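*Asks:* Predicted structure and sequence below. I'll ask about it afterward.
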Amino acid sequence: CASRPARGPEADEAAWLAAQAAREALLAESGDWSFSGRLAVSVAGEGGSGRLDWRQQGDQAEVRLSAPVTRTSWRLLVWPGLARLEGIEGGPQEGPDAERLLHEALGWPIPVGAMADWVRGMRAPGPARIGFGPDGLPAWIEQQGWRIEYRDWDGGEPARPRRVFAERGEARVRLVVDRWGGP
Amino acid sequence: AARQRLHAFTAAIDGLAGEFRQSVYGPQDEVIEESGGAVSLKAPRQFRWEYRAPYPSLIVADGDHVWIYEPDMQQVTVRRQGLEEQDSPLAVLLDPDELDRQFRVEEAGVSDGLEWLALTPRKPDEAPFARARLGFDAGGLARMELVDALGQRTVMTFSGWRRNPRFPADAFVFTPPEGVDVVGEVGLSAEVIPLAE
């Protein structure tokens, strides 16, 4: 006999996964987006925090961090196969990989590529596990060794995260999105 | 001139407290951020920035450490408050010798109804900003502008300065709240005997 649609939690799970896939497809279409908010990073007891302005245009990105009070800033420019970090002590630095450049220059393990998807509540390409909250929105994603938790959402359409806490081993990257869209 | 205004504003002053509004402008002078709150200073190097809007955050320098508390991210970042403390010129405003030691201070004329002092860090690559300006009027320090190496500009506008106010006992003391990650080194102050390895 025809398989009857599952009822109960399996049905919810399947429905939410389908909704998530649709949400990801919709978000993937808009290659140009930006947000401003705040970032706090810590790894093995060291770390920092500041204001974060992220502007994505297709596969290019500009990520600017401004320090507390003085708002002294550095910025990371990302193109396919090239990343450039400006405004840090010792002058601009370049490298093929944004994540490695940030890690070498500042000791911060931020997976810039994947974060561009996670911050929008999407799974990055590649294997991932995902769990949903009672509202059917992602509660967490596990991917590339990171566990990303969505503490709250902005209630837009499609819904986008407001607080994202990511953790991998002793590294923690915490994001609060204050505003989506251009400054 | 501005130097006399600075001197009049800080002479025989042990502490200051006032309100600030902060605007941050990007390289094309577009407004990126607006925030504000209360600021307190106590000679020689204690300070407190208490941001209220658009979201709470607190920066306290107790003379040994600078604590940065971000409630929304449940993180406190702490670092030793070095002698070369170059947070912002405000941190050394009540310590004129230190101000001159860290910055080249020059008269920068009158504009916007304020008398300006231009400050250039003597150790540029250690300084958190490329240049700064302090603007004075009859009430004292009215504005502080900082420009960083990428051309981002921060303007702090001050009001309601109270001179030698009575500070609450814990004004320049910070104790991390429960359940918050404390990140960064809390260096042992000189007189504490290091733990045996």
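*Replies:* Sure thing, it's come through.

*Asks:* C-alpha only now, for contacts and for neighbours.
*Replies:* Fine.

*Asks:* Which helix or strand contains residue B:99?
*Replies:* helix B:96-102 (DSSP states H and E).

*Asks:* Show the low-confidence segments of chain B, by residue range.
*Replies:* B:83-87, B:187-197 (pLDDT under 70).

*Asks:* ok so, going back, show me how far the next helix or strand after the helix holding residue B:99 is from its chain's centre.
*Replies:* Per DSSP H and E, helix B:96-102 leads on to strand B:103-111 as the next helix or strand towards the C-terminus. With CA atoms, centre = their mean, to the nearest Å as the basis, strand B:103-111 stands 19 Å off its chain's centre.

*Asks:* Now tell me what touches strand B:103-111 from outside.
*Replies:* Identification of contacts with strand B:103-111 by CA atoms under 8 Å, 6 or more residues apart in numbering or on different chains yields B:1, B:2, B:3, B:115, B:116, B:117, B:118, B:119, B:120, B:121, B:122.

*Asks:* Now the second one: closest residue in space that isn't a chain neighbour?
*Replies:* Same thing as residue B:2. residue B:115 (5.0 Å; CA to CA, 6 or more residues apart in numbering or on different chains).

*Asks:* Mind giving me the packing neighbours of the helix or strand harbouring the one you found?
*Replies:* For residue B:115, the host element (DSSP H and E) is strand B:114-121. Packing contacts for strand B:114-121, counted by 3 or more CA pairs under 8 Å, 6 or more residues apart in numbering or on different chains; DSSP states H and E, involve helix B:2-10, strand B:103-111, strand B:131-137.

*Asks:* Pairing partners for that strand, with directions?
*Replies:* strand B:103-111 (antiparallel), strand B:131-137 (antiparallel) (DSSP bridges).

*Asks:* Pick the most buried one from those.
*Replies:* Ranked by mean neighbour count, these are led by strand B:131-137 with a mean of 22 (mean count of other CA atoms under 10 Å in any protein chain shown).

*Asks:* what's the helix or strand that that one is followed by in contact with?
*Replies:* Note on strand B:131-137: by DSSP H and E, the next helix or strand toward the C-terminus is strand B:140-147. For strand B:140-147, the external contacting residues (CA under 8 Å, 6+ apart) are A:70, A:72, B:5-6, B:8-9, B:114, B:129-136, B:153-159.

*Asks:* Show me the longest helix that occurs in chain A.
*Replies:* helix A:9-29 (DSSP state H).

*Asks:* list the buried ones in it?
*Replies:* A:16, A:17, A:20, A:23, A:24, A:27 (16 or more other CA atoms under 10 Å in any protein chain shown).

*Asks:* any idea of the mean pLDDT for that helix?
*Replies:* Across helix A:9-29, the average pLDDT comes to 90.

*Asks:* Work out the gap between the helix or strand just after it and the centre of the chain.
*Replies:* Using DSSP H and E, the helix or strand that follows helix A:9-29 in sequence is strand A:32-43. Averaging C-alpha positions (CA atoms, centre = their mean) puts strand A:32-43 8 Å from its chain's average.

*Asks:* Could you spell out the sheet neighbours of strand A:32-43, each with its direction?
*Replies:* Taking DSSP bridges as the criterion, strand A:32-43 forms sheet pairs with strand A:46-57 (antiparallel), strand A:171-180 (antiparallel).

*Asks:* quick one: it to helix A:9-29, angle?
*Replies:* 110 degrees (axes from the mean of the first three to the mean of the last three CA atoms, to 10 degrees).

*Asks:* For strand A:32-43, list the C-alpha coordinates in CSV.
*Replies:* Presented in CSV, the C-alpha positions along strand A:32-43 are these (Å, rounded to 0.1, in the frame of the first residue of the first chain):
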residue,chain,number,x,y,z
ASP,A,32,24.4,40.4,-2.4
TRP,A,33,23.6,40.9,1.2
SER,A,34,25.1,42.6,4.3
PHE,A,35,24.6,43.0,8.0
SER,A,36,26.0,45.0,10.8
GLY,A,37,26.3,43.7,14.3
ARG,A,38,28.8,42.6,16.9
LEU,A,39,31.4,39.8,17.2
ALA,A,40,33.0,38.2,20.3
VAL,A,41,35.8,35.7,19.7
SER,A,42,37.6,33.6,22.2
VAL,A,43,40.1,30.7,21.7
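
*Asks:* which residues touch it?
*Replies:* A:47-58, A:108-109, A:170-183, B:73, B:75, B:183.

*Asks:* Residues of chain B that sit close to chain A?
*Replies:* By CA under 8 Å from any CA of the partner chain, the part of chain B that sits against chain A consists of B:24, B:31-32, B:49, B:68, B:72-73, B:75, B:77, B:87-88, B:125-126, B:128-129, B:146-150, B:152, B:154, B:182-185.

*Asks:* so of the residues you listed, which ones are in strands?
*Replies:* B:24, B:31, B:32, B:49, B:68, B:75, B:77, B:146, B:147, B:154, B:182, B:183 (DSSP state E).

*Asks:* Look at residue B:28 and tell me its secondary structure.
*Replies:* Secondary structure, DSSP: H, G, I helix; E, B strand; the rest coil: residue B:28 is coil.

*Asks:* Can you give me the neighbour number for it?
*Replies:* 8 (other CA atoms under 10 Å in any protein chain shown).

*Asks:* In a markdown table, list the buried residues of helix A:9-29 along with distance to residue B:60.
*Replies:* What follows is the buried residues of helix A:9-29, written out as a markdown table (distance: CA to CA, whole Å):
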| residue | distance to residue B:60 |
| --- | --- |
| A:16 | 45 |
| A:17 | 46 |
| A:20 | 43 |
| A:23 | 42 |
| A:24 | 42 |
| A:27 | 41 |
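
*Asks:* That concludes my questions; thank you for your assistance.
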